[in-house]
Structure formats: structure tokens, C-alpha cells
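In: A structural model of the following input is requested.
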Amino acid sequence: MQPTGHLLLIDDDEVFTRVLARALTSRGFTVAVANDGATALALARREHPRYAVLDLKLGADNGLVLIPQLLAAAPGVRILLLTGYASIATAVEAIKRGAHDYLAKPVDADQVVRALIDEDAADPESGAPDVDTAPPLRRLEWEHIQRVLAEADGNISEAARRLGLHRRTLQRKLAKHPVRERNG
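Out: I've put the predicted structure just below:
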């Protein structure tokens, strides 16, 4: 099924938005781009998009704060939150605020389309993400810890500081085996 509909792409990275907008347009979407919260809200009120792809960090703006505002400006919009720093707390908070799905960057256009459209095909009235096909939150946490640990050059104390965890808590989490994806 070729996706169609108005999509609002909200990210402060202009190169990323240009590339993703082009890719989503080639997949059948009509794409409007906003690089900040105020522009996003104005476009949402004017164009009433069916979909919104929203970055968590928008310069001075916060994507989590923008979620309920977008829903008020364009009722029924399906919001996909993107972030470079996946965490369980952020995923839960995004869903609580009304996002329909959550993906960790880097993402490609096909992943974005699947996150937006697959859910539509499964149950267009539902509004709830398909938790059976989404990666488990524990997996997102494990991947985020590994990414932060790599950025800290393997220094557990520094990684714990960046994650806001006690060093021993991080050591316990690392001692557990990696979370594996279920095979249907």
C-alpha cells in the first residue's frame, strides 16, 4: 500500500529534514518541514497533518512538550517521536503525552513509514502502538547504555555519570546478558 497524506516533519537539523522530506515525498507523502516548535504549531494549525515526525531535541524546544500542543492544534495527528538518545523514561513519557510511536536515531525513511503506516493498517481506530512488533523497552535501554559507554571510551564511572546512574547500578545492568529480540 502506497502511503498518502500530509506529514509534518519537525527537526532542527536542516540537512536531515531535507533528506528525509525528499525520501518521504518519494514514498507518497505531502511533506511540510518545521525546524522549531513555533513553526511546527503554526503549520499544524494551518495544514492539519495526518502524521507528524518529531525530534526530541529541537534546539531550545523540547519535543516532549510539543506533543500535546501538536495534538491540540491538529486533533488525530499520528506522532512519531525520534531521538538520538533512546531511554525507557523518554519512551514512556512520549507515549503518555500522546505520541503513537518512538524510534531511536539513526533512522531511514522506510523505518519511519513502517512506524507510521503499519499501525494504521493494523487498527486505524486504535491509537495504541503495536507492542508485539516494537522493540522491548529493555532492549532500548541496553542499546542506549552501550552507546553511552562507548562514548565514554568504556569508562564505567563516566558512563554512569552521563546516564544519571550510580556506578554500581550501571555495573549490575552491564552484568546482565543483553536483551534479545523475541522470534515470533
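In: which element follows the lowest-mean-pLDDT helix or strand in the chain toward the C-terminus?
Out: Ranked by mean pLDDT, DSSP states H and E, the weakest helix or strand in the chain is helix 109-122, scoring a mean of 74. The helix or strand immediately downstream of helix 109-122 is helix 137-151, counting by DSSP states H and E.
In: on contacts alone, who are the packing partners of that following helix?
Out: helix 88-97, strand 101-104, helix 156-163, helix 167-175 (3 or more CB pairs under 8 Å, 6 or more residues apart in numbering; DSSP states H and E). (Glycine included, C-beta is placed from N, CA and C.)
In: Relative to residue 21, which of these is closest?
Out: Residue 21 lies closest to strand 101-104 among the helices and strands packed on helix 137-151, at 16.6 Å (CB to CB).
In: which residues touch the closest one?
Out: 79-86, 90-91, 94-95, 111-112, 115-116, 119, 129, 134, 140, 143-144 (CB atoms under 8 Å, 6 or more residues apart in numbering).
In: Who does it pair with, and is each partner parallel or antiparallel?
Out: Strand 101-104 has the following sheet partners, assigned by DSSP bridges: strand 78-83 (parallel).
In: and the partner strand, how far from the chain's centre?
Out: Here strand 78-83 is found 4 Å from its chain centre; the criterion is CA atoms, centre = their mean, to the nearest Å.
In: Contacts for it next, please.
Out: Contacts for strand 78-83 (CB under 8 Å, 6+ apart): 11, 50-57, 63-64, 67, 70-71, 90, 94, 98-105, 107, 112, 115-116, 119-120.
In: Report the buried members of these.
Out: 11, 50-57, 63-64, 67, 70-71, 90, 94, 98-104, 107, 112, 115-116, 119-120 (16 or more other CB atoms under 10 Å).
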